[in-house]
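1. I'll drop the sequence and a predicted model, then ask my questions.
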Amino acid sequence: MEVKLQVENEILDKIKHTFHSAEVSIPRKQRVEVKLRNDLIHPFLAYLKDTLGFKHLSHISTVDWLEEKEIELVYIVMNYDNLVEVIAKIRLDREKPEIPTLREFWPQVETYEREIHEMYGVNFLGHGNLTDFILEDWEGIPPMRRDFDTVKYAKETYFNRPGREDAQDVRTTITKKSGEEIPELAKVYSVRHLE
Amino acid sequence: MREKETTIYLGPQHPGITGNMMVKLKVTGDTIVRAETHVGYLHRAFEKLMEARTWLQCFPIVCRICVPEPDPNEENLSRVIEEIEGREVPERAKYIRVLVLELSRLATYLLWMGGQSGSMGLYTMPQWTVGDRDYILDLFEQLTGGRVYHMYIWPGGVRRDLPEGFGDKVLKVMDYLEKRLKDYDDLLFNNALFYKRAKGVGVIDKNKAQEWGVVGAPLRGCGIKHDVRIDEPYEVYDKLNFIVPTYEGGDVWARAMVRRQEFEQSISIVRQVIENMPGGDFYNKIPNPLNWRVPPGDAYVKTESARGEFGYYAVSDGSLKPRRVHARGPAYVHGVSLLERILQGANIADVSFIMNSLGTCPPEIER
Amino acid sequence: MISVPVILSVMFLGGVLAWLANRFVPKGASWTAAIIAAFAGYLVFALPSCGGEYSLALGSITLVWKSTNYSALFAMLVAVLGFLGILYSMDFMAGKKNLGYYYMNFLFALGAMLGIVYSQDLVSLFFFWEVMTWSSFMLVIYSGEEKSHKAGIKYFAYSAIGAYLILSAIVILYAQSNSFLLSENIKMFSGMSLGTQIMVISFLALGFGVKSAMMPLHVWAPEAYKESPSGFTAVFSGALSKMGIFGLGLVIFKFAANTEIFGYVRETLAWLGGLTAMLATFYAVIQSDAKKLLAYSSIGQLGYIIVGLALGTPLGIMAALFLTIMHGAFKAMLFMTAGAVYMRTGTTSLNDVSGLITKMPLTFLTALFGIISVSGIPPLGGFISKWMLYQALLETNHYFLIIVIFIASTAAFLYLYRFIFSFFLGQKEKEVEHVKEVPWSMLVPMMFLTLFVLFAGLFPGVILDPIGKAMGYLGNFKASWEPQVVFSAWGEKINMQVIAGTIGTIFILGALFIGYKNKKATRVVSTKDIHTAGEIPTENENLTYAVNFNQPFERAIAPILKWSVDKLFNLLGENLESTFEYLRYVYTGNGQTYAMYVILMVVILILFSGSIFGIHL
Amino acid sequence: MDSSTWIKILGYIITPITAFVVGVTYGGIVRVITARVQNRFGPPITQNFWDIIKLYSKKTAVHHGLMQHWGPIFAITASVTSLFFIPVLKDSPLWLNNSFNGDIIFLLYMMVFGSLGMALGAGQTGNPNSAIGVARGLALMVGYEVPFVLALVAIMIQFKTTSIAELMAVQDGFSNWLIFQSPFAFIAAILAFLGMMHYAPFDVTFAPAEIASGPASEFGGKYLALMQTSGSIFTFAKLVLFTDIFLGGAGDLVTLIVKTFLLYMIPVLTGIVNPRYRTEQAITFFWKWPTVFGIIAILIVVL
Amino acid sequence: MEVSYDKESRKIVQAIERFARKHSLWVLAYGTGCGAIEVPPTMTSRYDAERFGIRGAATPRQADVLLITGYLSVKTLKRVIRTYEQMQDPKYVIGFGSCTINGGMYWDSYNTIKLLDMYIPVDVYINGCMPRPEAVISGFIELQKVIAEGKAEGARKYKENLDWYRANQQKIIHNWNMPDYNW
């Protein structure tokens, strides 16, 4: 089925016209994806919001690209009139991720930025309230970074029920106790089998 | 130096709070000067755990993101994977998915009716609605094997086909709910006291609503017609016949009336789905679930849950496990920044009332 | 031989003595004043309740001073409260400046009050009335701060209006009767023309109403009560405002009783009193300063008294006079409590202090008995007056007035609870760690009054004896009582000892039970260990709910308050303030200048009124 | 001592015990009725007894100061004293206790005694929720006292008495019950009674979802037990008072229980199907229609 | 309290007390985890836990049972400990769901505890993820049995082993600003 992407193409053109360095693509209907230089995100979102009518901030997401030493910030904004969502992506240096805050555009950005600061260690300049949001008294590297090993941390910090400390399949314990065999199918689906 | 305003902790251990969160109120008299939402009591690091599990192992996790209505999460994760992978879903599976989603919406609305009336002291209502919700949970149990968490919607379709005679049972429950809706009207929606309590309380400014990130019933209660089912139709919603109710006012009353209308609409959707249920396959089988790699890419999908737009952003790097799955529930905005804003100047008596009308659900805020 | 002039000269000379003593001996003023007040108090009680007559002829004017049963009642109130107030002031005022000035004015005010009640002629009545006004005015502006000046000017302005009205009435009376003697005037009053009667009665009622803070003439009271030192506020509210009641009693039963308009006068006054009680209570509910709250409460209680007097039945008058005594006691207690808190914490704001119960247990006890008594909860003295008042209202068929009174009485719980809660209950904060109980000289008056209200509740008859005699002076009123039993006109009676016995027995049984049960496993924990929903509050978070305590009620009465007269009169008061602004320029810091101005004003007023009515002295 | 003294002493013992048993059983029945309305089976009728016994048998107790320790005692003093001054049964020396002529006004104030005591106890805890509950409770009291007193005044004027016993004597025979003689007074009083019983829609004082049960939030163990005991007795006392005034009192216990139970059902059934008002809404409710009915009642008597 | 009444009457009193405790379980309104979603069905018309004398209580001072409905994050654990310590003896804890027993599906999460009884004494566990209302009720009946036998001595256990519990608690709660346990 041929999908008409008239609205999307219009937006694409406008963005390309204004921000020459942006890579714009249309992954599917109602989506426009934009890859930007770091310093352009502020004017870009201002342009989207004030000129193109993208009033609704749907989402701010973060992806940790450990191998590339980068942290990707994904802003998703939506226009209620033509129902198109723009996905804007920027990449920050993983060692010192810093970006100005967007609080003045949308009040709820505060929450997103607090969470990203807490979970990824991204510093939002001028935010003013980057306090504890979800975690309390967290010490060490931000937990959502990929080099944080949650299994190791959990084992070191918490007590484990005896029989679980080796993270073995519970079913083996159960079968041992009850004297039953593990069905072949279940063996195949075991996690340990995977690795 | 001691503050002038009195601090009142509403939660985490408080009968008036929805779930496990805290609203710290600074009050003078019984007027709230400032409200701060504190979350994180339910943080289980789901997004971290998902990065350590295969794509299919993520399904038991996502359904626990929002406890009262797990199905939009499963739907979202399935759809985000399907979109990255480009996997087709059989028509029958789409209908079954809509059926599950709408049943889950009905169950959530029943729970909401209970919470909304319980927060203003009408204790008969939760007893009725939560009891009636169990009929829907029974349907789920027969269909999926789980009362609360279903893990039923999978990439490529659903896990099982509908059992024998399931459609009739669903229709029977729908008839019952329709009958009960009259009782609910008598007890709650037509109660003058409810009107007095709800009118003009917790008002969201219509002009600011979109900018503040309001979605779902609160947005429609401001008179703005926005529903993902219509704006960006997923599954088979474009083939179904239903209306999106809106109300003016932006207060608790408007939200309640919107939800009440949607309750009726959902019943009608379920009926249509059962009526039009096509035959055929229910599952576009994925090759080897243990060695199933999703091609690299990212996607953002959204679903209209009972509390509003539920979005998932997922990134795959081509490995067995997701690179990143990020859930954004409606409560992320409703429960924190919006709640703090509209509680300013409200009465202490209305805090729990307003929270319930916004559909605040802490587990989806902190995940 | 004790006679009225002796008492008065003891008081006035004592005042001068105290002023002098302050010059030479540190603490001399307070001791002198206490001894003088004690001595004068003894003299007042030793004076035969009917007698001590003394007359002095000054040209054509004859001054007559004499004790009657009616005046004896008020004199005793003044003497006791005066002594307690001075005793209380000894430590309360210790270390403050101008103590000689304070005690001198205090004793002058006491002397003037005694002079008023003993006066049997209009000239000395008016003279003492003015002395009382300006000596109390001096005490209102005692602190010398801007606020107290404002309050003082407001008080003075209203008092001047009141004095002018009284003076006009006196002048009119003199024009008709050609005599200043009270008895002469009363005798001839019924023969005067209706217009004169109305004018005299309304002038006198309004004039006395100012002092008893009858709405709408109450505007001065909250500020003045707040600004005056607490030792004097106790007397101010407890005794000085009763001078208005004393005068109103005379007006109603001596002047108006024999006229045709007797019924109208009583109805008007009763409704004014009732509305005063209700509105003042509502205003008290929304106050956030303890002394202002008590001031409004005082206005409201005076409203009850006016209602009781205006009913004109034996039970009503008995209720009013009993309440006069009781109000003197419990309002003095509460003002003394507020003063004690002020002394130890430096504030009377209900928002700032909390949790003093463990620090000042005896003060708390006083406050507790005070509020129980004010609210009229059995078995303390306040209840009996309320009971009599309701019975009187019922027997005179004041159906709607009783509702007004009852609303006022119920709403009183709101502010009374707030008073005791904010100061003594609630969170114990670090700011009050250093607080100690007040010294004995302050505790003694408080404890004495506490015991008194308890005694009054158990043996109301003992206090009703002098009241009965006083009623005999006012008219041929007969009411019956026994030491523990009070009767109503419908043949109903209330036995206070049965009530107190029941309450006491059950309370003691309950206390024993709850003290004995699980005694070892019962712990006292700090007020920080409360249910905060599992959270641990930080240091600077305020857990006391004190600011705008009564906001739910405030919201409900907002429509009533919006239309009330108080705002209007506040506005008027503001304007009056600016009118009297010039007074600030002429204020030189000592009392003499003021006295001069007052006398000057009196003279002007006399001349002015003289020119109207064509009389020349 | 002569026999009348002994009867009186016996009455002092029997009255509170009966009130406690009846009051607690009523509480149990109410829970069952509520459950049935809510499509449930409900607890056994004796459930409230077990609750109270359990609370008494709590091994530890915590209080924040003397007033909290004494607060429940104030409450039980007020409820038992009120009961002692209400004639429970007509013309029965055993059940008359201390009732005297002129007791209505006394009772009006005595009933407040307990509230004030509880308020002091709740204030001592330092819990802001308790204080808010107290502020709400006292404000609500001002609300419902207005129609209540209007109704009582209408009756007191009509029969020129302030004594319950005399009012009971007036209501001789079914048709002479005050509910028929002055229906408007009854309507005003029964509406006030709704507020007095603190059932929805007038349960602002204890609203759990708002202020975590308000004044009672720091009371546990023996203190809560004593409060509940006192509450049960007080409920019975209020019911008896209303029965005496409006339903002609009762000559024997069975009649009394039937009448009080029927009366009790009014607030209970209202409460089951209604949400709660906000405080100011509740107060203004009482100052509207109930007050109008009360004024009509007085006007009828006067004119 | 040692009172001088004889053994027989003490036995009777004890029996009554146990019976009352058993038949009056007030559950603290605290939804610590996702299990809270099955508490309303348990309490309401279909399963009606009030038949067994189970009802909600608003504050810890009044409650008897602390229902830990699921996993506890570290942040919640602190509040749970505070709440538990404010409850009055006798007090019971029910661990609800697999995650309180051994961490359940959150065995590798960095923010949830895996073993509830290392931090507070637990009387009864209900397994399942999540347990059905029937299971919850059967858990309560198990608790009633334990109470009837007089073995529900969690409060005593906690008091006697306070140091051990404190050490475990302080191991994961870094900012320990809790008031002292006052028993």
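-> Cool, got the structure.
2. In a strand, B:Tyr9, correct?
-> Yes - membership of B:Tyr9 in a strand is supported by DSSP: H, G, I helix; E, B strand; the rest coil.
3. Regarding the closest residue to it other than its chain neighbours, what is its secondary structure?
-> Take B:Tyr9 and drop its neighbours on the chain: the residue closest to it by CB to CB, 6 or more residues apart in numbering or on different chains is C:Ala533, 4.1 Å away. For glycine as for every other residue, the C-beta is placed from the backbone atoms N, C-alpha and C. When classified by three-state DSSP, C:Ala533 comes out as coil.
4. for the one helix or strand B:Arg229 maps to, the distance to its chain's centre please.
-> Counting by DSSP states H and E, the element that carries B:Arg229 is helix B:228-231. Offset of helix B:228-231 from its chain centre (CA atoms, centre = their mean, to the nearest Å): 15 Å.
5. as a whole number, average confidence for that helix?
-> Helix B:228-231 comes out with an average pLDDT of 85.
6. and D:Ile272, what is it in contact with?
-> Contacts of D:Ile272 were listed using CB atoms under 8 Å, 6 or more residues apart in numbering or on different chains, and they are B:Tyr123, B:Thr124, D:Ile33, D:Thr34, D:Val37, D:Gln38, D:Ala200.
7. average pLDDT across the helix of greatest length in chain D?
-> Counting by DSSP state H, the longest helix found in chain D is helix D:3-37. Mean pLDDT, computed over helix D:3-37, is 85.
8. Wondering if that helix reaches chain C at all.
-> No - Helix D:3-37 does not reach chain C (CB under 8 Å from any CB of the partner chain); its nearest approach is 8.8 Å.
9. returning to what we had before: just the closest of the contacts of D:Ile272 to C:Gly162, please.
-> Closest approach between these and C:Gly162, by CB to CB: D:Ala200, at 51.7 Å.
10. after the helix holding B:Arg229, next one along is what?
-> Moving toward the C-terminus from helix B:228-231, the next helix or strand (DSSP H and E) is helix B:252-276.
11. so what does the helix holding B:Arg229 touch, helix or strand wise?
-> Applying 3 or more CB pairs under 8 Å, 6 or more residues apart in numbering or on different chains; DSSP states H and E, one finds that helix B:228-231 contacts strand B:297-305.
12. now check the strand it packs on, is it near chain A?
-> Yes - with CB under 8 Å from any CB as the measure, strand B:297-305 is seen reaching chain A through B:Asp298, B:Ala299, B:Tyr300, B:Lys302.
13. try stretch B:93-108
-> No - using CB under 8 Å from any CB, stretch B:93-108 stays clear of chain A, coming no nearer than 15.5 Å.
14. Show the contacting residues for the residue in the stretch 201-303 of chain D positioned nearest to chain A.
-> Taking CB to the nearest CB, chain A has its nearest neighbour within the stretch 201-303 of chain D at D:Ala212, 22.9 Å off. For D:Ala212, the contact set (CB under 8 Å, 6+ apart) comprises B:His14, B:Pro15, B:Gly16, C:His531, C:Ala533, D:Asn129, E:Ala58, E:Thr59.
15. swap in D:Val80?
-> Shown in contact with D:Val80 (CB under 8 Å, 6+ apart): C:Ile506, D:Pro16, D:Ser230, D:Ile233.
16. among the residues you listed, who's most crowded?
-> Using other CB atoms under 10 Å in any protein chain shown as the neighbour test, the contacts of D:Val80 are led by D:Ile233, with 28 neighbours.
17. From B:Glu264, how far off is that one?
-> Remark: distance between D:Ile233 and B:Glu264 (CB to CB, to the nearest Å) = 49 Å.
18. Mind picking the two most distant members of the residues of strand B:297-305 next to chain A?
-> Longest distance between any two of these is 14.3 Å, between B:Asp298 and B:Lys302; criterion CB to CB.
19. quick one: which of the two has more around it?
-> B:Lys302 (26 against 22).
20. Now do the SS call for the nearest residue to the more buried one once chain neighbours are set aside.
-> Distances taken as CB to CB, 6+ apart place B:Gly311 nearest to B:Lys302, at 4.2 Å, with adjacent residues excluded. Using three-state DSSP, the three-state assignment for B:Gly311 comes out as strand.
21. How about the one 4 residues further on?
-> At B:Val315, secondary structure determined by three-state DSSP is strand.
22. by contact count, what packs against the helix or strand encompassing C:Ala160?
-> Under the criterion of DSSP H and E, C:Ala160 resides in helix C:146-177. Here helix C:146-177 touches helix C:122-140, helix C:182-189, helix C:194-211, helix C:220-227, helix C:565-579, helix C:582-586, helix C:591-613, going by 3+ CB pairs under 8 Å, 6+ apart.
23. And these, which one averages the lowest pLDDT?
-> In terms of average pLDDT, helix C:582-586 trails the rest of the helices and strands packed on helix C:146-177, at a mean of 49.
24. Among the contacts of D:Val80, which are located in helices?
-> The helices, defined by DSSP H, take in C:Ile506, D:Pro16, D:Ser230, D:Ile233 from those.
25. Any chance of those in TSV with distance to chain E as columns?
-> Conversion of the ones in helices among the contacts of D:Val80 to TSV gives the following (distance: CB to the nearest CB, whole Å):
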residue	distance to chain E
C:Ile506	24
D:Pro16	21
D:Ser230	16
D:Ile233	19
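26. wait, which of those is closest to E:Leu143?
-> Nearest to E:Leu143 among the ones in helices among the contacts of D:Val80, with distances taken as CB to CB, is D:Ser230, at 29.9 Å.
27. Could you pull up the residues touching residue 41?
-> Looking at chain A here, since you left the chain open. Counting by CB under 8 Å, 6+ apart, A:Ile41 makes contact with A:Leu73, A:Tyr75, A:Ala88, A:Ile90, A:Ile99.
28. My question was about chain E, not that one.
-> By CB under 8 Å, 6+ apart, the residues touching E:Pro41 are B:Val130, B:Gly131, B:Arg133, B:Asp134, B:Leu137, E:Tyr47, E:Pro133.
29. so where is the stretch 1-150 of chain B shaky, pLDDT-wise?
-> Across the stretch 1-150 of chain B, the ranges flagged by pLDDT under 70 are B:1.
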